[in-house]
Each structure stands twice: as structure tokens, then as C-alpha cells.
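Peer 1: Kindly return the folded structure for what I paste below:
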Amino acid sequence: MNNWSDYPIFLAVAETGSLTAAGEKLEVSQPTVGRRIKAMEERFGAPLLTREEGRLVPTEFGYLVLDHARRMQAEADAINRSSATLEHSLVGPVTITATEGIGDFWLPAVMQAFRQSHPDIIVDINVDMRALNLAQREADIALRWMGPGTQNSLIGRRVTSSGFGLYASSEYIRRKGKPQSPEDLLDHDGVRLVMGPENFWPLAPDGKSLPMPRTVFRTNNHMAYFNAVMAGYGIGMLAFASIHPDLNLVRVLPEIERVEDLWVVAHEDLKKSARVRAAFDFIVDALLKDSDHCRYG
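Peer 2: Numbering: from 1, shown residues only. Predicted structure coming up:
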């Protein structure tokens, strides 16, 4: 089986005429160069080099291999040039991952504005409740309710905070009444958003666990959750930014809220890709402009 890394070694020996000079050029030892050349000759069953006037020069078969090796090197150089061009150009795909809500509504509208100034960048939005592995390049940029964590290859910026409160439909309030204290929640129906091992529910102002209404509807989908609250199933926690006057939603126990920090996270190679860096900076700026709306609605 061919070892592609042998060809640059053979090429260096043919160009320098010496195992020692080739080793210095490639920053490997002279014995290593000699072993690799010998391995190639044994693999091909023919000598690649001969010594003439104190220099190593290719044999007839060696010149044939040398011609191919030079073309291989030229193609490798072309790949490197293409990679460098792509890194510095505003062309190509950018994959952004976000949770439901942000990924379904806010992000598509924002990135449409981004494409007006970057028409050659393809926006790929991956809506997923999982934290995709940026180190394994499952996405270029992530909008997360957490920072980079312990992954040293990631960089992140905490951009804004999002506020959440308890809401019910006006029709539910008409049927069941409005809770006047946290303890009253025990006598009410609740809508639960289940995300992995945690249930999305706020804490009391003193930091203690808040009583939860009896669950009559639960889902792991934000849209189903939001629609269930609007349909009058019960009380649920909604983002302030998602509330509009025409939704007929009533806030209950306004002293209770939950605040989550929103991060924009990317792989450290962001610094090398112009298109990913452009998208990262644009998203950060857009979130900063919407900061008050995210926090207070």
C-alpha cells in the first residue's frame, strides 16, 4: 500500500541530492529519510536513486516516479491555496444551531438581513434541543443557554439575558381564576416543557423551589408548549419576548420570573474563517440590539 507521505521525502531527496539535506528541509532525521526511501524501493521492486558524482539522482524509474510526485505536490499546493482562499472569502455555508424558539422565529429573520449584505454565504440553521458538538464541526456557531464549558477549542460570548414569566390564557383565568400566591399554584393546572432531565420552571424570589401546578399537558416541543398555554390547558412559563397583546395571555404572579443568559459560541477556528466570523459578529450585534426585548419583552 502506498504511503502518501513518502512522496514528499523522495521529492526532497531528488531536489537536494542528499539524504541529509532532504532531512534538514523536511525537519526529519537523515536515517528516517533513508528508511523511507528504502521502503519505497522495496514496495516498487526497483531502485529510485543512484549516486553520481557524490549526489543522489533518480534512476530511470525514479524519474518516472518523480514526475508523478511533482504533480501530486502541485495538486496539494492547489488544495492549500483553495483552503486559504475559502478561509478569507465571504463565500460558502455557515451552519448555525439553536434551540426551538430562537431557531424557529428569531434567527431566520435576523439571518435574512445578514444575507442582504452577504449574498454568497449559505445560511444553514439546525434547530435542535441538543448541544451539538462544535469541536467535531456538527455546526459552526451555536446559540446556547450556556457557555463553551470545558471544551478548550471553543470560544463564546455571553451576549444578553432572556426573561421568562408565568402566563395563562384569558379563557383559563376566566374558568379557574388567577393565583394570588405561589401556594395557589397547587390548585391550578399546569403545562410542562420537558427538556432532557430538567423541567423548565422558575424559582421563587427567595431562590427556593416554586410549587408546581398539577400537570395536565407536557411536551418537549416549544411550539406545542406555547400553543397549549394559549389553548387554555393551564399555566406555563413563557419568554417575555414571545408575548404580544393580541395573544390574550395573562401574566400571573408577576413577582416570579426566570432569567437565562444567552451565549453565542463557536469553534476557535472562527478566527480563520471570514464567513463564520462575519456571521458570528452579525448575530452578536443583532442580539445586543434586541437585548431589552429579550430581557423584558
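Peer 1: Residue ranges of each domain in this structure, please.
Peer 2: Domains of the chain are assigned by automatic domain parsing as 6-87, 92-159+262-296, 162-261.
Peer 1: sec struct for residue 263, please.
Peer 2: Classification of residue 263 using DSSP: H, G, I helix; E, B strand; the rest coil returns strand.
Peer 1: following the helix or strand residue 109 falls within, which helix or strand comes up?
Peer 2: Secondary structure from DSSP states H and E places residue 109 in helix 107-117. Once helix 107-117 ends, the next helix or strand along the chain (criterion: DSSP H and E) is strand 121-127.
Peer 1: Alpha carbons of the helix or strand following that next one, in CSV - could you do that?
Peer 2: Using DSSP H and E, the helix or strand that directly follows strand 121-127 along the chain is strand 141-144. Only the C-alpha atoms of strand 141-144 are listed here, as CSV (Å, rounded to 0.1, in the frame of the first residue of the first chain):
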residue,chain,number,x,y,z
ILE,A,141,-22.0,28.6,15.5
ALA,A,142,-24.3,27.8,18.4
LEU,A,143,-26.8,30.0,20.3
ARG,A,144,-27.0,28.4,23.7
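Peer 1: after strand 141-144, next one along is what?
Peer 2: Counting by DSSP H and E, the next helix or strand C-terminal to strand 141-144 is strand 154-169.
Peer 1: Return the set of buried residues in the helix holding residue 109.
Peer 2: 107, 110, 111, 114 (16 or more other CB atoms under 10 Å). Where C-beta positions appear, they are placed from N, C-alpha and C, glycine not excepted.
Peer 1: Could you confirm residue 41 falls within a helix?
Peer 2: Yes - counting by three-state DSSP, residue 41 falls inside a helix.
Peer 1: Could you pull up the residues touching it?
Peer 2: Contact analysis of residue 41 by CB atoms under 8 Å, 6 or more residues apart in numbering lists 47, 48.
Peer 1: show me where pLDDT drops low in the protein?
Peer 2: Applying pLDDT under 70 to the chain flags the ranges 1-2, 80-87, 136, 149-152, 195-200, 202-208, 271.
Peer 1: Show me the strands in it, by range?
Peer 2: In the chain, the strands defined using DSSP state E lie at 49-52, 55-58, 92-98, 121-127, 141-144, 154-169, 189-195, 198-199, 214-219, 236-239, 249-267.
Peer 1: export those to JSON lines and tack on distance to residue 283 and mean neighbour count?
Peer 2: Below are the strands of the chain laid out as JSON lines (distance: least, CB to CB, whole Å; neighbours: other CB atoms under 10 Å):
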{"stretch": "strand 49-52", "distance to residue 283": "56", "mean neighbour count": "13"}
{"stretch": "strand 55-58", "distance to residue 283": "55", "mean neighbour count": "16"}
{"stretch": "strand 92-98", "distance to residue 283": "7", "mean neighbour count": "21"}
{"stretch": "strand 121-127", "distance to residue 283": "11", "mean neighbour count": "16"}
{"stretch": "strand 141-144", "distance to residue 283": "7", "mean neighbour count": "22"}
{"stretch": "strand 154-169", "distance to residue 283": "8", "mean neighbour count": "20"}
{"stretch": "strand 189-195", "distance to residue 283": "22", "mean neighbour count": "20"}
{"stretch": "strand 198-199", "distance to residue 283": "25", "mean neighbour count": "10"}
{"stretch": "strand 214-219", "distance to residue 283": "28", "mean neighbour count": "14"}
{"stretch": "strand 236-239", "distance to residue 283": "18", "mean neighbour count": "23"}
{"stretch": "strand 249-267", "distance to residue 283": "6", "mean neighbour count": "18"}
